[in-house]
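>>> based on what follows, work out the 3D shape:
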Amino acid sequence: MKICILGAGKMGTWLTDALCLQHEVAIYDPDMERLRFVFNTQRLTKPEEITEFAPELLINAANLKYTIPAFESVMGFLPENCIISDIASVKTGLKEFYEKSGRRFVSTHPMFGPTFGNLKELRQHHAIIIKESDHMGKAFFKDFFGSLGLNLHEYSFEEHDKTIAYSLSVPFSSTLVFAACMKKQDAPGTTFRKHHDIAKGLLSEDDYLLTEILMNPFTVGQVEKIRQELKHLIGLIKDKDTEGLQAFLKKVRENIKE
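All right, here's what the predicted structure looks like:
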């Protein structure tokens, strides 16, 4: 299959590496510097070159802030039969964009970062494929993600954003609150160090990505649950309610059972 990757960031270059041995792949980025270390792949810097390459599938790997603008910048250079695709972690506005475009599309969300020492580690990760996507597009990504051993899930656009509100917004919010309260520890405990490492990893992400995930319309309800549980815990501690605290610990242990 002829595949064009849009954007030579971390995820875009990872996708080229993962796809180039089985497909004819090109990667487009107007910044030639970002293409210096891309191999086994055609490097494109002008939109006219996309027309010459004539992709059957375009995978938009631009940063979340630029996903729709990146699509708009190349739409006039794509063959009519080209399926357009995104891998965005928040789908706000994309359903409407696809409907307006009139093109076949496939929307997915590989729920992992782009840097791995060993692809076998992907077997513990997950990927979401949007139900409303084109049948052939879904088949392609099911095959691709399946070959990596990913656990696949099929959700609608709305179900996806509800899931992300829980699976990303809750840990993001909890980690941000931890970091906001944090002060330097000369002798940090093991749990503190682990939380500190998680916070450092989270805060290394792009600010716009973090903002968009937290601004997901379904996030507020999930974060409100954190506030309610924290208020309950504070009450137990203030009242020195040993039995209540033990019941609370029993409940949360049940919550984290595999």
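>>> what about the spatially closest residue to Asn216 that is not a sequence neighbour, neighbour count?
Once its chain neighbours are removed from consideration, Asn216 has its nearest residue in Ala165; the separation is 4.9 Å (CB to CB, 6 or more residues apart in numbering). C-beta coordinates here come from the backbone N, C-alpha and C atoms, glycine included. For Ala165, the tally of surrounding residues (other CB atoms under 10 Å) stands at 21.
>>> one more: the one 4 residues further on?
Neighbour count of Ser169, defined by other CB under 10 Å: 21.
>>> Phe144 falls within a strand, correct?
No: the assignment for Phe144 by DSSP: H, G, I helix; E, B strand; the rest coil gives helix, which leaves it out of any strand.
>>> any idea how far it lies from Thr191?
In this structure, Phe144 and Thr191 are 38 Å apart, going by CB to CB, to the nearest Å.
>>> more neighbours: which of the two?
Taking neighbours as other CB under 10 Å, Phe144 and Thr191 compare with Phe144 leading, 21 against 8.
>>> list the contacts for the more buried one?
By CB atoms under 8 Å, 6 or more residues apart in numbering, the contact list for Phe144 reads Ala18, Leu19.
>>> that one and Ile27: what is the separation?
Taking CB to CB as the criterion, Phe144 is separated from Ile27 by 16 Å.
>>> and the contacts of stretch 8-15?
Under the criterion CB under 8 Å, 6+ apart, residues 5-6, 27-29, 31, 34-35, 37-38, 59, 61-63, 87, 113-115 lie in contact with stretch 8-15.
>>> and the helices in this protein?
Across the chain, reading from the start of the chain, the helices by DSSP state H fall at 10-19, 47-53, 67-74, 94-101, 135-147, 157-164, 170-181, 190-203, 207-214, 219-238, 242-255.
>>> got the phi and psi for the nearest residue to Arg104 once chain neighbours are set aside?
Setting aside the residues directly before and after it, Arg104 is nearest to Asp134 in space (CB to CB, 6+ apart), at 4.1 Å. Summarising the backbone geometry of Asp134 under the convention degrees, to the nearest 10, its torsions are phi -60, psi 140.
>>> and for Asp134, the neighbour number?
Applying the criterion other CB under 10 Å, we find 17 residues in the vicinity of Asp134.
>>> what pLDDT is listed against it?
In this prediction, Asp134 carries a pLDDT score of 97.
>>> how close does it get to Phe141?
Using CB to CB, Asp134 is found at 10 Å from Phe141.
>>> what do you get for Glu254?
The span separating Glu254 from Phe141 equals 35 Å under the rule CB to CB.
>>> so who does the closest residue in space to Thr219 that isn't next to it in sequence touch?
Distances taken as CB to CB, 6+ apart put Ser169 closest to Thr219, at 4.2 Å, once the chain neighbours are dropped. Shown here is Ser169, whose contacts under the criterion CB under 8 Å, 6+ apart are Ile213, Leu214, Asn216, Phe218, Thr219, Gln222, Val223.
>>> tell me where the model's unsure across the stretch 51-200 of the chain.
Low-confidence segments of the stretch 51-200 of the chain, defined by pLDDT under 70: 113-121.
>>> any quick ChimeraX command for the buried ones out of the contacts of Ser169?
Of the contacts of Ser169, the buried ones go into a single ChimeraX selection, burial set by 16 or more other CB atoms under 10 Å:
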select :213,214,216,219,222,223
